[in-house]
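In: next input, structure requested:
(chains A, B, C and D)
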Number of protein chains: 4
Amino acid sequence: MRFKLGCSLAYEVKAPTTFIFNVEVAKLQSLDIARESLTLAPDLARRVYVTPDLKNRYLGVNVQPGPFSLEYNAEVDLAVVRADPATISETPVSELPLDILPFLLPSRFVSSDRLAAFAQAEFGDLPKGHQRVNAICNWIHDNIAYRRGSSDGETTADESLLMRAGVCRDFAHLGAAFCRGLGIPARFVSCYAYGLVPSDFHAVFEAYLDGRWWLFDATRQAHLDGLVRIGIGRDAAEIAFSTPYGEMQPTGMEIRIDRADGGPEPMERTVDAISTEEPAPHAGAA
Amino acid sequence: MRFKLGCSLAYEVKAPTTFIFNVEVAKLQSLDIARESLTLAPDLARRVYVTPDLKNRYLGVNVQPGPFSLEYNAEVDLAVVRADPATISETPVSELPLDILPFLLPSRFVSSDRLAAFAQAEFGDLPKGHQRVNAICNWIHDNIAYRRGSSDGETTADESLLMRAGVCRDFAHLGAAFCRGLGIPARFVSCYAYGLVPSDFHAVFEAYLDGRWWLFDATRQAHLDGLVRIGIGRDAAEIAFSTPYGEMQPTGMEIRIDRADGGPEPMERTVDAISTEEPAPHAGAA
Amino acid sequence: MRFKLGCSLAYEVKAPTTFIFNVEVAKLQSLDIARESLTLAPDLARRVYVTPDLKNRYLGVNVQPGPFSLEYNAEVDLAVVRADPATISETPVSELPLDILPFLLPSRFVSSDRLAAFAQAEFGDLPKGHQRVNAICNWIHDNIAYRRGSSDGETTADESLLMRAGVCRDFAHLGAAFCRGLGIPARFVSCYAYGLVPSDFHAVFEAYLDGRWWLFDATRQAHLDGLVRIGIGRDAAEIAFSTPYGEMQPTGMEIRIDRADGGPEPMERTVDAISTEEPAPHAGAA
Amino acid sequence: MRFKLGCSLAYEVKAPTTFIFNVEVAKLQSLDIARESLTLAPDLARRVYVTPDLKNRYLGVNVQPGPFSLEYNAEVDLAVVRADPATISETPVSELPLDILPFLLPSRFVSSDRLAAFAQAEFGDLPKGHQRVNAICNWIHDNIAYRRGSSDGETTADESLLMRAGVCRDFAHLGAAFCRGLGIPARFVSCYAYGLVPSDFHAVFEAYLDGRWWLFDATRQAHLDGLVRIGIGRDAAEIAFSTPYGEMQPTGMEIRIDRADGGPEPMERTVDAISTEEPAPHAGAA
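Out: Down below sits the predicted model:
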């Protein structure tokens, strides 16, 4: 599918501020970038960094006081891998590639060590595979209220569970935490999400099953086959769309994504398992 | 300096267990490995993985029930960079290479977001540079009691601060958290530590100052120029010497390091700033 | 029913220690104390205090280094009030006597403010009354593992929920927290518990329903009509059987309770709602 | 000294709400109430409750949707006990009256168990007595920033310490927590505070020293001999000025206190130790 997408971010900078942005789509094989532009106003010097493993694209800009804005637009072709969920089993820890293992560890907001007992008690006896992670998503969807303003940038997965509320960031953290607590590698994904209303940056998670990363969205708010990846991280800290060091005030923010291929609108919700990552030869694979 | 070092680890495995070990010294330019051997008993299939960026070496082994042991021995030449601490300034965030920035983020045990206010209040007004990080180490040394058994594998830096006690792992987490809270990148280092009594795996931290990573040990228990690196991580989770998935019981553990170059014993404590990493061209440097 | 009960506690005191004991049965109308003795060895000066409202009996003893022991024995007649659970409704907050209201507030270990959302989500829509609190007990019984050593003296109700494990103290804290989170006053009860195997001090909770305090035991390990009250508190902190200030080592502990009226052994489990407190005219009643 | 004081509270009630107010001055011997009035609009039925031990006065009102307001005015004579701080020693735990001991226990917001090690490390070696508690107040004043909006109704003392910020409620919680962590009974006090700018309900704490409760204010914002007590509690939960059960919106709040005896304005800050409680024969005293 082809999408037109982008974002416009505006700030009033009060004191010299270094911004690290992560808003450009990831440099993936599955993601063909037909057109792309990123403009800054004023047009300041840019530093760029693409992480060698995950292909996240970071943009660093040092900004002096005054108004500052970023505009990003891209047109991309997203190729997804589809599979019948019933055919996707779990990969036992004994067979996990070693470079996948960091995604079994607890991280700042995915406090999987604190949630392992809860995960085992709720999901430990369920049939293994894609369906178990789907059951986790169903549980979160049914038990956690999606409520704007219910969390902040320091909220951890265990706190979201206690509060029974959160936003997409928290749903993804909790899903990833339950997975890691069960021995299933899981990672946090930021993306442009087709179908999300109102349009916004979205957060979902991926679980590593049967030799590949599969996408899951416990909020059920967007099309799983319409998620265009920006970044991958252990949790939200690593791939915030904007990390400012300094003093500034956000003054505007608009995120957009539309189909650019004349496909049907509205699109039907897929029931397939969806992956956007080509299985690659892994380091230290069993 | 040349060191002979190694470890012997023994386990009684109760149910099939996948071990991930990180006990071999890192593959660094500054660390010339003259001789090295690692034996497993029984001699099981090994999977190995060296992280591309940090050169941590992970070893994966799937073990059936019964006794299991690992023996590692190496002889290495460690070349350290020395400098006068007074000459080492801080690198402003605006000039930090983008690939360094993840080490400014909070991680599971280095809860720098929860400790930023404390760090600012205690250390925010001190003169910047190597001396400020040294002041952090002095504060930790003077205010946190080194006490075996005072923490466990889930203890976070903020909890260590409240409990005013910890072991080397906690001293390193707290030091790194204070640094990150001040805008100084910091990372967790596991190592063989010459001079540590009783001998054990040791944990220290590195702070990024003036374009290079410098070593700091808030426990003051080992020689800063006698730390032979095993691994680098955001915190202890990533570079545990042994991460077992399964059911087992540790039955023995011995860690050793001695000088192998006829140098003076006991060695004098250095007052230099010490680094073991060559400054490299960084991605996204300012 | 008539019970013979008591306890033997022994300590090795290392440095002068002030003990506060709360092991004597409460001075209740429903509890006729036929015989009672408490001996200390050595026979030190005692300070006693009975709380005016709840009739908890505290005993203070200052002990010098050396062995120290307490032996308590009593024979009591316990009169319980029985009712059909289906007839017991909830008392709306608007009608709660004002002296009951402190038992709606969060306390150190009954972190009902942190658990209110969870309680509302799980139990908010259930039919109100004794059956709702019973449903809470069933949920705890089914979802929290009773496991010795899984908690310590600082474990809070929200932590027990995350860990999905605890002992009687934690079951009572969690039950009380869910109740308070729903607007049902609840308090912590320590007691001698007929039927508990192995015999030990027991902890349950009371909920205020329909103008009276009713007993609940989420562990389901003892006879509800065989609970002989020692103390009432907001949570475990207030009615620890022994609170030592000083330095000492417990060296022995035995708790016992047997029927003393020739009643049937084993007794059948009651399905009645059970209360041991006479409804009294309340201050500030609606 | 004679004071005129009072408060005006206004609410927009959205759904039937039960309010528990604690705004009337306590019924103390040291506090002679010359005149007093409390009006409600609309003039609804009141339930009143005075706690037998501490003489807190609670007022319960059930309110239907619509505007609702409370106005309280009083003229009182406050008799304080003054002493030279240097003459006030600590009471060893072995001599504490048993009815004082609950104020050594941790409570929801005075998490003294989590702060005991910190308290011992910072204040354990200081000379004992009134001066040690004063040193605690100085430390809090110097190390914790007074910042409106930095905390909320769930903030605990250990969190305030980490955040290095709080309001009067948090300063009092932290002071009480440090005291309890050192074995000094401490309790939370709400009051009308002469000299506080801007005028507001104030929170301070009392420590039990030398057989009597002494007032301490770590914020240093009001006159210690101009604090007119409303309530005493383990922490803020017990004596909130307004605890609403229902749905409502505060729409106005004014608190006032002025001298009514022609005494000098501005008053000089006292350096005396101040107590407003007559020493009474205690239950279970040593």
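
In: for the residue nearest the centre of chain A, name its beta-bridge partners.
Out: Nearest to the mean C-alpha position of chain A, by C-alpha atoms, centre = their mean, lies residue A:189 at 1.6 Å. Beta-bridge partners recorded for residue A:189 (DSSP bridges): residue A:204, residue A:232.

In: so it versus residue D:167, what's the distance?
Out: From residue A:189 over to residue D:167 the distance is 39 Å, taken as C-beta to C-beta, to the nearest Å. Heads up, the C-betas are built off the backbone N, CA and C, glycines and all.

In: same question for residue A:141.
Out: Counting by C-beta to C-beta, the gap from residue A:141 to residue D:167 is 38 Å.

In: just want to know which of these two has more residues nearby.
Out: Neighbour totals were compared for residue A:141 and residue D:167, and residue D:167 leads with 20 against 16 (other C-beta atoms under 10 Å in any protein chain shown).

In: what sits against that one?
Out: Taking C-beta atoms under 8 Å, 6 or more residues apart in numbering or on different chains, we find residue D:167 in contact with D:146, D:147, D:148, D:150, D:151.

In: at 7 Å what do you get?
Out: Residue D:167 sits next to D:146, D:148, D:150, D:151 when contact means C-beta atoms under 7 Å, 6 or more residues apart in numbering or on different chains.

In: pull the residues that contact stretch A:132-145.
Out: Stretch A:132-145 has contacts (C-beta under 7 Å, 6+ apart) with A:85, A:122-123, A:126, A:160, A:164-166, A:171, A:174-175, A:178-179, A:184, A:207, A:209, A:216, A:218, A:220, C:121.

In: among these, which ones are in helices?
Out: Among these, DSSP state H puts A:122, A:123, A:160, A:171, A:174, A:175, A:178, A:179, C:121 in helices.

In: can you tell me the element residue A:59 falls in?
Out: Element membership for residue A:59, per DSSP states H and E: strand A:57-63.

In: paired strands for that strand, with orientation please.
Out: In the sheet, strand A:57-63 lines up against strand A:2-21 (antiparallel), strand A:47-50 (antiparallel) (DSSP bridges).

In: can you list contacts of the last one?
Out: Among residues not part of strand A:47-50, those counted as contacts by C-beta under 7 Å, 6+ apart are A:27, A:56, A:57, A:58, A:59, A:60, B:98, B:99, B:283, B:284, B:286.

In: so which residues of the stretch 51-200 of chain A form helices?
Out: Chain-ordered helices for the stretch 51-200 of chain A, with DSSP state H, counting those that start in this stretch as the definition, fall at A:112-123, A:130-143, A:157-163, A:168-181.

In: if you compare those helices, which one is most tucked away?
Out: Of all the helices of the stretch 51-200 of chain A, helix A:168-181 has the most neighbours on average by mean count of other C-beta atoms under 10 Å in any protein chain shown, namely a mean of 29.

In: what is the end-to-end distance of stretch A:41-51?
Out: Chord length of stretch A:41-51, first to last residue, is 26 Å (C-alpha to C-alpha, to the nearest Å).

In: buried ones in that stretch?
Out: Neighbour-count burial for stretch A:41-51 flags A:47, A:49, A:50, A:51 (criterion: 16 or more other C-beta atoms under 10 Å in any protein chain shown).

In: what pLDDT does residue A:120 get?
Out: You'll see residue A:120 listed with a pLDDT of 96.

In: now do the same contact list for it.
Out: Here residue A:120 is in contact with A:181, A:182 (C-beta under 7 Å, 6+ apart).

In: would you put the C-alpha positions of stretch A:93-103 in PDB?
Out: Output of stretch A:93-103 as PDB, limited to C-alpha atoms (Å, rounded to 0.1, in the frame of the first residue of the first chain):
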ATOM      1  CA  VAL A  93      14.300 -19.300  24.600                       C
ATOM      2  CA  SER A  94      16.800 -22.100  23.800                       C
ATOM      3  CA  GLU A  95      16.400 -21.200  20.100                       C
ATOM      4  CA  LEU A  96      16.300 -17.400  20.200                       C
ATOM      5  CA  PRO A  97      19.100 -15.700  18.300                       C
ATOM      6  CA  LEU A  98      21.400 -14.000  20.800                       C
ATOM      7  CA  ASP A  99      20.900 -10.600  19.300                       C
ATOM      8  CA  ILE A 100      17.200 -10.800  20.100                       C
ATOM      9  CA  LEU A 101      17.700 -11.500  23.800                       C
ATOM     10  CA  PRO A 102      18.000  -7.800  24.900                       C
ATOM     11  CA  PHE A 103      14.300  -7.600  24.200                       C
END
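
In: name the residues that touch it?
Out: For stretch A:93-103, the external contacting residues (C-beta under 7 Å, 6+ apart) are A:183, A:185-187, A:208, A:282-286, B:18, B:20, B:47, B:49, B:58, B:60, B:62, B:238, B:245.

In: mind doing that once more with 6 Å?
Out: Contacts with stretch A:93-103, where a contact means C-beta atoms under 6 Å, 6 or more residues apart in numbering or on different chains, come from A:183, A:185, A:187, A:208, A:282-286, B:18, B:47, B:49, B:58, B:60, B:62, B:245.

In: find the pair from the residues you listed with maximum spatial separation.
Out: A:187 and B:62 (23.6 Å; C-beta to C-beta).
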